[in-house]
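Colleague: next input, structure requested:
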Amino acid sequence: MLKFFYLWRLELMLFRPNDFLALRREVWHITDEAYTQSFHTQHNVPRPVPEEEQHAPALVPMGALGYSGSTFFKTADGKFLVKSLDRHFEHQFFMHELLTPYIIHMWENPGSLLVRITDLLCVPYPTLGGLLGLEPTHHVVMEHLLYGIETDGDTVRYETYDLKPDDYFFPERDLADGRLAPQSIKNRLADHFPDQIQVSQEATKELMDLLNTDTTFLAKSNVLDYSLFLVRYPRSGESFFDAVETSLAERQADSWRTGVVSADGQWVYRVVLLDFFWARHKFRAKVMAGIVTAFNTWAGYGPMTITTEPFEYQRRFMKMVQKLVGDNGADEGHAGPSADC
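Modeller: Down below sits the predicted model:
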């Protein structure tokens with residue numbers, strides 16, 4: 001009873017830990033020792049870090065990175081992210097509707113580009129802090145696609161893009177030519193990739209096939225508003241970012257996650273699908289759809305990414321990806337399908 005009055009430092013428990021353990025061990029080949037070690041305090045921070053900073057915390061705060069207001073932490077070794085699920089309808093949908101299909105999908109499609117969620121934590125009882133929104137009550141642990149970026153010590157050369165179809169109605173951008181919303185808000189809308197992904201035909205087909213399988217799964221689950229998280233960085237010398245702790249065979253099997261080299265050998269790309277927690281059939285989504293539909297009876301802007309239909313979103317999403325890769329008729333001999341530099 002006393003725990004109900006907690007405002008902060010809420011007790012978190014693992015949700016369906018055996019299912020996530022099986023995924024880590026059998027599908028993603030993450031050893032228990034390596035996974036546990038990522039969440040331990042790091043005692044081997046290299047010098048010349050000041051002595052008082054030699055013992056790095058197990059989790060490093062990254063602030064609020066997403067449009068939803070979620071807060072992020074990363075493990076001290078940079079391998080995993082911890083993301084809060086602040087919206088009640090999102091974590092309830094993921095826990096009670098999407099999680100089981102997600103687990104089945106990952107078992108049946110080991111090469112899936114859905115971000116790998118390695119654990120789900122929740123507060124197992126009501127608390128005043130949770131009800132008042134003072135402290136998030138649900139978190140997911142997931143892979144960090146930028147693992148190794150700090151080790152290279154040159155963050156400028158790494159480019160990240162959070163991509164969604166841009167031909168939807170974005171009120172912050174489209175109403176009054178964007179003058180009604182501050183630039184800080186508009187900057188958190190979908191990014192624009194100023195180039196094309198120039199890779200081999202084999203790698204292009206692999207990407208399109210994987211994304212088609214994953215987005216079909218999401219559409220059948222009534223999910224909208226997911227995004228393609230793209231990382232691009234120059235292929236210059238031996239980079240720790242490239243040399244993740246997997247064998248060459250494992251990296252080839254997971255090429256788009258671990259790095260695909262461009263056809264000219266100059267760039268390396270990484271890709272995952274993020275933020276698949278917005279369900280079209282949930283009450284909030286239905287209310288938003290009703291508001292936007294009523295508004296469009298005279299404004300005519302069309303649907304938003306959170307109010308359209310799931311298979312229509314998939315169609316536009318795949319069309320966006322097709323534009324990113326273009327024809328890609330590059331010579332297969334210019335580069336292999338994965339980064340092995």
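Colleague: in the protein, which helix or strand is least confident?
Modeller: helix 248-253 (a mean of 44; mean pLDDT, DSSP states H and E).
Colleague: quick check: what element follows that one along the chain?
Modeller: Downstream of helix 248-253, the first helix or strand assigned by DSSP states H and E is helix 255-258.
Colleague: export that next one as PDB, just CAs?
Modeller: Output of helix 255-258 as PDB, limited to C-alpha atoms (Å, rounded to 0.1, in the frame of the first residue of the first chain):
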ATOM      1  CA  SER A 255      24.300  -7.000 -43.400                       C
ATOM      2  CA  TRP A 256      21.900  -4.000 -43.200                       C
ATOM      3  CA  ARG A 257      22.100  -3.900 -39.500                       C
ATOM      4  CA  THR A 258      25.900  -4.200 -39.200                       C
END
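Colleague: and that helix, what does it pack against?
Modeller: Judged by 3 or more Cβ pairs under 8 Å, 6 or more residues apart in numbering; DSSP states H and E, the packing partners of helix 255-258 are helix 201-220, strand 267-274. The way it works is simple: take the backbone N, C-alpha and C, and place the C-beta from them, glycine included.
Colleague: could you point out which element follows the shortest one?
Modeller: On the C-terminal side of strand 267-274, the nearest following helix or strand under DSSP H and E is strand 278-279.
Colleague: could you do the first one as well?
Modeller: Secondary structure here is assigned by DSSP H and E; on that basis, the next helix or strand after helix 201-220 toward the C-terminus is strand 223-224.
Colleague: tell me what angle the next helix or strand after that following strand forms with helix 201-220.
Modeller: Heading C-terminal from strand 223-224, the first helix or strand you meet, by DSSP H and E, is strand 227-234. Counting by axes from the mean of the first three to the mean of the last three Cα atoms, to 10 degrees, strand 227-234 lies at 160 degrees to helix 201-220.
Colleague: can you pull out the strands in this structure?
Modeller: 13-14, 59-64, 71-75, 80-84, 117-122, 138-143, 159-163, 223-224, 227-234, 260-261, 267-274, 278-279 (DSSP state E).
Colleague: burial of the nearest residue to V60 once chain neighbours are set aside, as a residue count?
Modeller: Nearest in space to V60, with sequence neighbours left out and distances taken as Cβ to Cβ, 6 or more residues apart in numbering, is K74 at 5.2 Å. Using other Cβ atoms under 10 Å, K74 has 20 other residues around it.
Colleague: same check on the one 10 residues further on?
Modeller: Applying other Cβ under 10 Å, we find 21 residues neighbouring S84.
Colleague: that one bridge partners, please.
Modeller: H139 (DSSP bridges).
Colleague: for N212, see how far away it is.
Modeller: As judged by Cβ to Cβ, to the nearest Å, S84 and N212 stand 31 Å apart.
Colleague: pretty sure R232 sits against E159.
Modeller: Yes - judged on Cβ atoms under 8 Å, R232 makes contact with E159 at a distance of 4.7 Å.
Colleague: and the gap between R315 and T305?
Modeller: Taken as Cβ to Cβ, the span from R315 to T305 is 13 Å.
Colleague: equivalent analysis for H139, please.
Modeller: 24 Å.
Colleague: my guess is D191 contacts D166, does it?
Modeller: No - assessed by Cβ under 8 Å, D191 is found out of contact with D166, at 9.2 Å.
Colleague: neighbour count winner among those two?
Modeller: Shown here are D191 and D166; by other Cβ under 10 Å, D191 has more neighbours (18 against 14).
Colleague: could you find the closest non-adjacent residue to the more buried one?
Modeller: Y161 (4.3 Å).
Colleague: ranges for the helices of this protein?
Modeller: 17-22, 32-38, 88-93, 99-108, 128-131, 149-152, 171-174, 183-186, 201-220, 248-253, 255-258, 283-299, 310-325 (DSSP state H).
Colleague: just put the ones you listed in JSON lines and tack on mean neighbour count.
Modeller: Shown next, in JSON lines, are the helices of the chain (neighbours: other Cβ atoms under 10 Å):
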{"stretch": "helix 17-22", "mean neighbour count": "14"}
{"stretch": "helix 32-38", "mean neighbour count": "13"}
{"stretch": "helix 88-93", "mean neighbour count": "18"}
{"stretch": "helix 99-108", "mean neighbour count": "15"}
{"stretch": "helix 128-131", "mean neighbour count": "16"}
{"stretch": "helix 149-152", "mean neighbour count": "16"}
{"stretch": "helix 171-174", "mean neighbour count": "16"}
{"stretch": "helix 183-186", "mean neighbour count": "10"}
{"stretch": "helix 201-220", "mean neighbour count": "19"}
{"stretch": "helix 248-253", "mean neighbour count": "13"}
{"stretch": "helix 255-258", "mean neighbour count": "22"}
{"stretch": "helix 283-299", "mean neighbour count": "13"}
{"stretch": "helix 310-325", "mean neighbour count": "18"}
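Colleague: please consider this matter closed, and thank you.
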